[in-house]
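Enquirer: Give the three-dimensional model of this entry:
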Amino acid sequence: MIDNPFLQTLLPTTHDLGGFKVHRTLPHKQRTTIGPFIFFDQMGPARLEPGRGIDVRPHPHINLATVTYLFAGAIDHRDSLGTFQTIEPGAVNLMTAGRGIAHSERSPAALRPDGPELSGIQTWLALPSAKEEVDPAFEHVGRDALPLVEGDGAEARVVMGTLWGESSPVTCHSPTIYADIHLAAGGAMPVDPEAEERGLYVAEGEASLDGLPLAPATLYVLRPGVRASLSSARGGHVMLCGGAPLDGPRHVWWNFVSSRRERIREARQDWKEGRFPLPPDDHDEFIPLPEVPATVSYP
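Expert: Residues are numbered from 1 along each chain as shown. Predicted structure coming up:
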C-alpha cells in the first residue's frame with residue numbers, strides 16, 4: 001500500500017435536466033481522458049413523472065464509440081443503420097460511429113404511463129486514429145453474456161476487456177477495461193494494474209480503496225501500477241474504467257470527436273446541410289447544430 005494511490009480526483013459537473021440529474025466527470029478541466037474514455041456521465045438515479053420519459057432526438061457522432069450501460073430502467077435505441085434495440089440493466093449497447101452515424105434514445109412507450117426509472121452510465125470512447133473512419137456499427141451484448149467474477153463479499157461484471165482473468169465479448173477498438181462492481185456490506189474486491197490508466201467511480205452507496213474513502217459521483221484516477229483493495233462497510237456500487245493511453249490528442253465539438261480539426265468542421269457542415277442519414281423509424285425530428293464555442297483539443 002502506498003500513501004496516496006490517486007493521481008487525480010475529478011469532481012463532477014452536475015446538471016438538472018428536468019426530472020433527473022446527470023453527473024459528468026469527463027471531460028474535466030484537470031483531465032480529459034482515461035484510456036480511451038473521453039466522456040463519462042452518470043444518469044440518475046431517478047423515477048420520472050407518470051406519462052413522461054427521456055426523448056433524446058436524433059443527433060450525429062463521428063470517430064468515437066458510445067457505450068450505454070444501465071442500472072435501472074430501459075432505453076430504446078434507434079440509429080441510421082436501421083437498428084432498433086431496447087437496452088435493459090446489465091446489458092451493453094456499443095455504437096461505433098466511425099465515419100458517421102445518427103441515433104436517438106427514448107424511454108419505451110410501455111414504461112411511460114407509470115413513470116420510467118432511469119439510472120446508468122453513458123460513456124464515449126475515442127477511436128484509435130487508424131480506426132476513426134471505420135464503417136459505423138452497432139453491437140448489443142446481453143447481461144448473461146458478460147462474465148461475472150466473485151470476490152470476498154463482492155461480485156464484478158466485466159463489461160469490456162479482460163479483468164480478474166475473465167474477458168468480455170464486447171468489441172474493444174483499443175485496449176480497454178470496464179467493470180461494474182457490487183460490494184456487499186463488509187465486502188472487498190482487488191483492483192489490479194491491468195491497464196496503465198484506470199479510474200474508479202462510486203455510483204451508489206459507499207466504498208474505500210485501501211481504507212481511503214471514495215466520495216460518490218467522483219472519478220478517481222489511479223497511479224499507474226497501483227495494486228489495491230476496494231472495500232465497503234455498508235455496501236457500494238463502483239465502476240472501474242480505463243485502458244491504454246490514446247495515440248494522440250483529440251478535438252471535441254458538440255457530439256463530434258476526432259484527431260483532426262478539419263474532420264470536425266466537415267461533420268458540422270454535413271449535419272447542418274442534412275447529409276447524415278437519420279434513423280429510418282425516427283426521422284421526423286432531430287437536434288439542430290448548436291451555436292457552441294470552437295473546437296476544444298483534449299490531449
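
Enquirer: And the strands in the stretch 1-150 of the chain?
Expert: Secondary structure of the stretch 1-150 of the chain (DSSP state E, counting those that start in this stretch): strands at 6-10, 13-16, 21-26, 37-47, 55-61, 64-73, 75-79, 84-87, 92-96, 101-106, 117-126, 137-141, 148-150.

Enquirer: how about TSV for the ones you listed, with distance to residue 258 and mean neighbour count added?
Expert: No exception for glycine: its C-beta is placed from N, CA and C like everyone else's. Below are the strands of the stretch 1-150 of the chain laid out as TSV (distance: least, Cβ to Cβ, whole Å; neighbours: other Cβ atoms under 10 Å):
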stretch	distance to residue 258	mean neighbour count
strand 6-10	23	16
strand 13-16	23	11
strand 21-26	17	20
strand 37-47	11	21
strand 55-61	10	19
strand 64-73	8	22
strand 75-79	19	22
strand 84-87	26	16
strand 92-96	14	23
strand 101-106	14	23
strand 117-126	9	23
strand 137-141	18	17
strand 148-150	35	13
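
Enquirer: weakest of these by average pLDDT?
Expert: In terms of average pLDDT, strand 13-16 trails the rest of the strands of the stretch 1-150 of the chain, at a mean of 91.

Enquirer: Packing partners of that one?
Expert: Applying 3 or more Cβ pairs under 8 Å, 6 or more residues apart in numbering; DSSP states H and E, one finds that strand 13-16 makes contact with strand 21-26.

Enquirer: State the helix or strand in which the residue lying closest to residue 5 once chain neighbours are set aside lies.
Expert: Using Cβ to Cβ, 6 or more residues apart in numbering and skipping residues adjacent in sequence, the residue nearest residue 5 is residue 226, 4.5 Å away. Per DSSP states H and E: residue 226 is located in neither a helix nor a strand.

Enquirer: beta partners of the closest residue to residue 165 other than its chain neighbours?
Expert: Closest residue in space to residue 165, ignoring its immediate chain neighbours: residue 149 at 7.7 Å, by Cβ to Cβ, 6+ apart. Beta-bridge partners of residue 149, counted by DSSP bridges, are residue 156.

Enquirer: Distance of residue 149 relative to residue 254?
Expert: 37 Å (Cβ to Cβ, to the nearest Å).

Enquirer: Same question for residue 202.
Expert: Separation of residue 202 from residue 254 (Cβ to Cβ): 29 Å.

Enquirer: Who has more neighbours out of these two?
Expert: Neighbour totals were compared for residue 202 and residue 254, and residue 202 leads with 25 against 18 (other Cβ atoms under 10 Å).

Enquirer: Show the contacting residues for the closest residue to residue 255 other than its chain neighbours.
Expert: With Cβ to Cβ, 6+ apart as the criterion, residue 255 has its nearest non-adjacent residue at 5.1 Å, and that residue is residue 61. By Cβ atoms under 8 Å, 6 or more residues apart in numbering, the contact list for residue 61 reads 95, 97, 100, 101, 102, 103, 255, 256, 257.

Enquirer: So which of these is the closest to residue 4?
Expert: Nearest to residue 4 out of those is residue 257 (Cβ to Cβ; 31.3 Å).
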